[in-house]
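**Student:** build me a model:
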Amino acid sequence: MKRREIIQGVAAAIPIVLASDLLGAKAPSETLNLAGVGIGGMGANYLKELSSQNIVALADVDSKFAAKTFSQYPKAQRYEDFRILLEKEKHIDGVVIGTPDHTHASIALAAMDLGKHVYCAKPMTRTIAEARKVTKRAAETNVATQMSIQWNAKDSHRVLAEWIADGAIGDVTEVHTWSSRPVWPQGIERPQDSPTAPDHLNWDLWLGPAPARPYHPSYHPFKWRGWWDFGCGALGDMGCHHFDPIYRSLKLTAPTSVQADASGLSKETAPTSSIITYHFPKRDNFPPIKVVWYDGKRMPERPPELEPDRQMGDHFGGTLYVGNKGKIMTGGLGDGVRLIPETAMQAYKRPSPTLSRSSGHYQEFIDACKGGPPAGANFSYGGPLTEAVLLGNVALRALGERLDWNRDKIAVTNVASANRFISSEDRIGW
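**Tutor:** This next block holds a predicted model:
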C-alpha cells in the first residue's frame with residue numbers, strides 16, 4: 001500500500017477503535033447493560049431507579065434475601081459470587097453495588113480494573129485507606145462513577161449554596177447536623193453463640209475481605225451497619241448525606257482535626273450515641289469553620305430564633321448553619337432551606353439561580369456512562385467526602401482524643417495509635 005493509503009486507513013480506523021473498543025462508549029440513545037451486586041436491600045432500589053437500562057446480570061450471596069429482586073429481572077443471569085459474574089459477563093457496561101460497606105472497595109476496584117462504570121452505595125468504602133485507593137483508581141481508569149447520595153441532585157442543595165454565596169447569613173463559622181440514626185443495635189459486644197448459617201446464605205462470601213467469624217443473625221441482614229468489621233455506624237450510614245450540602249455550599253476541604261464524645265462504647269460496634277466535632281481550615285473567601293455531628297438522639301441546643309411551635313429539622317434529623325448575620329435551618333438531608341426566624345425568611349430577597357440544576361441523581365450516572373459530564377457525586381467528589389466522614393469514626397475509636405489530621409500523609413499526626421483505624425487488612429484471598 002502507498003503511504004497515503006496507509007495513513008488514510010489508520011485515520012479512519014482510530015475513532016472507531018477509541019470509541020468502541022478502548023473506552024466502551026455508547027451513543028446517548030443506546031441502552032446500558034448493567035449488573036447488580038448485592039440486590040436484596042438498597043441494591044434493589046438502585047436497580048429500580050436504573051431499570052430504564054438493561055439489567056443483564058445479578059449477584060447476591062443470599063438467595064432468599066435477594067429472591068424478590070431476582071424474580072423482577074427474570075432474563076438477568078444469576079450469580080452468587082460477583083467475581084464469577086465479572087469474569088463471565090464481559091459485555092456489561094457498569095456495576096451497581098448495594099452490598100454492606102466492607103465489600104464496596106473489593107467490588108468497585110475489580111469492576112474498574114475491567115473498565116466498568118460503577119454506581120456504589122454510601123459510604124463509598126468502610127475505611128479511609130480504601131476510599132483513597134478507590135478514588136485514585138477511578139481517576140486512572142476514567143470510568144463513570146456515582147456514590148448513592150441521592151439528595152446531591154436536589155434543587156435544595158443548590159438553593160442553599162446560592163443563599164450562602166449571596167451572604168444571606170454572612171460568614172458561616174459553625175454548622176450543627178444531627179441524625180435520627182441509629183435504628184439498629186450499637187454499643188454491644190460480639191454474640192457468644194454460633195448458630196449454623198442458613199442454606200440460602202453463603203456466609204464465607206458474605207464475609208468477603210472481613211476477618212473470619214461465625215455466622216450470627218446479629219449481622220445479616222441490615223444489622224451489620226453497627227459492627228466495625230462490616231459497617232460504619234450511624235455516622236457512616238447518614239454522614240455522607242448530611243455532610244454533602246455542607247461540603248458543597250461551604251467549599252470544604254479536608255478537616256484539620258476531629259474529636260468525638262460518645263456513650264455506649266464497645267470495641268466491636270459503634271456507640272449508642274455520639275457528638276463529633278470537626279475543624280476545617282480557611283478556604284478562599286470562607287473563614288475556618290467548626291462542623292458538629294450528633295446521633296443517637298443527641299442534638300444541639302435549640303436556637304433562640306426558632307419559634308416555639310416549629311420543629312427542629314425533620315424525621316431524618318436536621319442541619320443548622322450559623323453565620324455572623326443570621327442562621328439557616330434545613331432538614332437532615334438538606335430539604336426545607338429556611339432562614340430563621342420566619343420574619344428573616346420573609347424579609348430576605350432571594351437571589352436568582354446561579355447553579356445549574358440536575359437531570360436527576362440516577363440520570364446523571366446514566367449520562368456519564370454514555371460520555372456525558374461526570375455525575376455530581378462521582379468518586380472524585382465522593383471520595384474526599386467519605387474520607388472526612390470516616391475520620392469521625394477514627395475519632396470514635398480513639399476514645400475521646402483530639403486527632404490532628406494530615407490529608408496528604410493520610411495520617412493522624414498527634415496520636416499514632418489512632419492510625420490503626422485508617423486501614424484494615426483483607427482476609428487471605430481478598
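
**Student:** and the strands in the stretch 201-350 of the chain?
**Tutor:** According to DSSP state E, counting those that start in this stretch, the stretch 201-350 of the chain carries its strands in the segments 257-263, 273-280, 289-295, 317-323, 326-331, 338-340.

**Student:** which helices and strands does the fifth one pack with?
**Tutor:** I take that to be strand 326-331. Other helices and strands packing on strand 326-331, by 3 or more Cβ pairs under 8 Å, 6 or more residues apart in numbering; DSSP states H and E, are helix 155-165, strand 317-323, strand 338-340. Quick note: C-beta positions are derived from backbone N, CA and C, even for glycine.

**Student:** burial of residue 181, as a residue count?
**Tutor:** 24 (other Cβ atoms under 10 Å).

**Student:** same thing with the one 5 residues further on?
**Tutor:** Using other Cβ under 10 Å, residue 186 has 27 neighbouring residues.

**Student:** could you find the closest non-adjacent residue to it?
**Tutor:** Nearest residue to residue 186 in three dimensions, chain neighbours excluded: residue 226, at 4.1 Å (Cβ to Cβ, 6 or more residues apart in numbering).

**Student:** and that neighbour, how far is that from residue 235?
**Tutor:** 11 Å (Cβ to Cβ, to the nearest Å).

**Student:** shared neighbours of the two, which are they?
**Tutor:** Taking Cβ atoms under 8 Å, 6 or more residues apart in numbering as the contact rule, residue 226 and residue 235 both touch residue 270.

**Student:** can you tell me which of the strands of the stretch 201-350 of the chain is nearest to residue 27?
**Tutor:** strand 326-331 (39.0 Å; Cβ to Cβ).

**Student:** can you give me the angle the closest one makes with helix 155-165?
**Tutor:** 170 degrees (axes from the mean of the first three to the mean of the last three Cα atoms, to 10 degrees).

**Student:** give me the contact list for strand 326-331.
**Tutor:** Contacts for strand 326-331 (Cβ under 8 Å, 6+ apart): 156, 160, 163-164, 168-170, 245, 303, 305-306, 312-314, 316-321, 336-340, 344.

**Student:** can I get that strand as PDB, trimmed to CA atoms?
**Tutor:** Output of strand 326-331 as PDB, limited to C-alpha atoms (Å, rounded to 0.1, in the frame of the first residue of the first chain):
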ATOM      1  CA  GLY A 326     -28.100  35.000  60.800                       C
ATOM      2  CA  LYS A 327     -29.000  31.300  60.700                       C
ATOM      3  CA  ILE A 328     -30.300  28.800  58.200                       C
ATOM      4  CA  MET A 329     -32.000  25.600  59.100                       C
ATOM      5  CA  THR A 330     -32.700  22.600  56.800                       C
ATOM      6  CA  GLY A 331     -33.900  19.000  57.200                       C
END
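
**Student:** secondary structure element for residue 119?
**Tutor:** strand 117-120 (DSSP states H and E).

**Student:** can you show me the CA trace of that strand as CSV?
**Tutor:** What follows is strand 117-120 as a C-alpha-only set of coordinates in CSV (Å, rounded to 0.1, in the frame of the first residue of the first chain):
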residue,chain,number,x,y,z
HIS,A,117,-18.6,2.1,35.3
VAL,A,118,-19.5,1.9,39.0
TYR,A,119,-22.5,3.1,41.0
CYS,A,120,-21.8,2.4,44.7
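
**Student:** Provide the contact partners of that strand at residue level.
**Tutor:** By Cβ under 8 Å, 6+ apart, strand 117-120 touches 32, 46, 50, 93-97, 104, 107-108, 111-112, 138, 143-148, 365, 368-369, 379.

**Student:** can you tell me which of the residues you listed are in strands?
**Tutor:** Using DSSP state E, the members of the contacts of strand 117-120 that fall in strands are 94, 95, 96, 97, 145, 146, 147.

**Student:** need the residues you listed in TSV (columns: pLDDT).
**Tutor:** As requested, the ones in strands among the contacts of strand 117-120 are exported to TSV (pLDDT from 0 to 100):
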residue	pLDDT
94	98
95	98
96	99
97	99
145	98
146	98
147	98
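
**Student:** dump those into CSV; add distance to residue 288 and neighbour count as well.
**Tutor:** CSV is the format used below for the ones in strands among the contacts of strand 117-120 (distance: Cβ to Cβ, whole Å; neighbours: other Cβ atoms under 10 Å):
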residue, distance to residue 288, neighbour count
94, 40, 25
95, 40, 27
96, 39, 29
97, 36, 27
145, 31, 32
146, 31, 30
147, 27, 31
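
**Student:** most packed of the strands of the stretch 201-350 of the chain?
**Tutor:** strand 317-323 (a mean of 24; mean count of other Cβ atoms under 10 Å).

**Student:** same for it, what does it pack against?
**Tutor:** Against strand 317-323 (3+ Cβ pairs under 8 Å, 6+ apart) you get helix 155-165, strand 172-179, helix 233-250, strand 326-331.

**Student:** next, the angle strand 289-295 makes with it.
**Tutor:** Going by the same axes, to 10 degrees, strand 317-323 makes 160 degrees with strand 289-295.

**Student:** just to revisit the earlier point, tell me the most buried of the helices and strands packed on strand 317-323?
**Tutor:** helix 233-250 (a mean of 25).

**Student:** just the CA coordinates for that helix, please, in CSV.
**Tutor:** Extracted in CSV, the C-alpha atoms of helix 233-250 (Å, rounded to 0.1, in the frame of the first residue of the first chain):
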residue,chain,number,x,y,z
GLY,A,233,-22.3,3.0,62.3
ALA,A,234,-24.8,5.9,62.3
LEU,A,235,-22.2,8.4,61.0
GLY,A,236,-21.2,6.2,58.1
ASP,A,237,-24.8,5.5,57.2
MET,A,238,-26.0,9.0,57.1
GLY,A,239,-23.0,11.3,57.4
CYS,A,240,-22.4,11.4,53.6
HIS,A,241,-26.0,12.6,53.1
HIS,A,242,-25.7,15.2,55.9
PHE,A,243,-22.2,16.5,55.0
ASP,A,244,-22.9,16.7,51.3
PRO,A,245,-24.7,20.1,51.3
ILE,A,246,-22.3,21.4,53.9
TYR,A,247,-19.4,20.5,51.7
ARG,A,248,-21.0,21.9,48.5
SER,A,249,-22.2,25.2,49.9
LEU,A,250,-19.1,26.0,52.1
